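K.L.:
Next comes the sequence, and after it the predicted model I'd like to discuss.
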Amino acid sequence: MSSWKKAAKASQKTHRERHQPEARKFLGLLEKKKDYVARARDYNEKQATLKQLRKRALNKNPDEFYFHMINAKVKDGIHQEKDMEEKYTPDQIKLMKTQDLKYISYKRNLERMKVEKLHSTLHMIDAANEVENQHIFFVDDSEDVKNFDLCQRLNTHPALLNRRTNRPRLDALQKMKLPELDESTLHKIEQRKLQAYKELSKRVDREKQLTVVQQVLEVKNALRNRKVTQPIQVKRGSKDSAPIYRWKYERKR
């Protein structure tokens, strides 16, 4: 009999909860039982937490003290930890500053190597095409000026006249075996080239910023390690340069 009940349940139709009626569609999704269970469980957990907090507040000792009372404050209804002043020895501070300087120097060297690698692949030949051309051709008389043909004079194809660099001659073009490239392939190549130039520009700027940070840390270390002489500030620091100091010359033994 029990096996028959199991088989009968297996063939039963899966129960599906009804959806939100069209007339009440503006109210949003119709809450299912699993949604009600999750909402009820969350509500009961919050009520239990509030009950426990009320119990702790009633049983609290008014003379009780703990350090979090003075190490935290309430701002806009939110508990925030106060910033504690960390106390380190002068040797520990010097070691931490030295490690910061070494890390900045390491990152700067990485950026410099990446910039050099990009420079080796991008020869910046496109910058020459943006410079105004000042090439002057001399002819014998005004008749030659009227009949002057720039393509014939340069012995190149008309499509290559705007190029300042890598302008092959007609005989060289005839010897070349160029692959057939469609417009989409040429567009992708141009996009990759522009992307590489943008990356190079960003890395150059980052190297300059790291150079300034490294110089600032070096100046701070020098000021921290001074003994008797007080340096004179020659130039104040900015976001593009580190401050410049001048020390009095001291003879070394």
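P.N.:
All right, it came through fine.

K.L.:
lowest confidence element among the helices and strands of the chain?
P.N.:
The weakest-scoring helix or strand in the chain, judged by mean pLDDT, DSSP states H and E, is helix 126-129 (a mean of 60).

K.L.:
mind checking how far P90 is from R224?
P.N.:
Separation of P90 from R224 (C-beta to C-beta, to the nearest Å) stands at 9 Å. In short, each C-beta sits where N, CA and C put it, glycine included.

K.L.:
nope, Q215 is what I meant
P.N.:
Taking C-beta to C-beta as the criterion, Q215 is separated from R224 by 15 Å.

K.L.:
Neighbour count for those two, which is higher?
P.N.:
Each of Q215 and R224 has its neighbours counted (other C-beta atoms under 10 Å); Q215 has more, 16 against 11.

K.L.:
Setting aside sequence neighbours, what's the nearest residue to N221?
P.N.:
Leaving aside its chain neighbours, N221 sits nearest to K97 (6.1 Å; criterion: C-beta to C-beta, 6 or more residues apart in numbering).

K.L.:
list the helices and strands the helix or strand harbouring that neighbour packs on?
P.N.:
Using DSSP states H and E, K97 sits within helix 90-121. With contacts defined as 3 or more C-beta pairs under 8 Å, 6 or more residues apart in numbering; DSSP states H and E, helix 90-121 has these neighbours: helix 183-224.

K.L.:
The helix it packs on: what's the following helix or strand?
P.N.:
strand 232-235.

K.L.:
Look up how far K102 lies from K5.
P.N.:
From K5 across to K102, the span is 76 Å (C-beta to C-beta).

K.L.:
between these two, which one's more packed in?
P.N.:
When K5 and K102 are compared for neighbours, K102 comes out ahead with 12 against 9, by other C-beta under 10 Å.

K.L.:
so how far is S241 from that one?
P.N.:
In terms of C-beta to C-beta, K102 sits 22 Å off from S241.

K.L.:
quick one: low-confidence parts of the stretch 101-250 of the chain?
P.N.:
Residue ranges of the stretch 101-250 of the chain with pLDDT under 70: 123-131, 160-166, 173, 176-183, 186, 226-229.

K.L.:
change it to 80
P.N.:
Applying pLDDT under 80 to the stretch 101-250 of the chain flags the ranges 120-137, 139-140, 143-190, 224-230, 237, 239, 249-250.

K.L.:
residues touching E17, list them.
P.N.:
By C-beta atoms under 8 Å, 6 or more residues apart in numbering, the contact list for E17 reads 30, 32-33.
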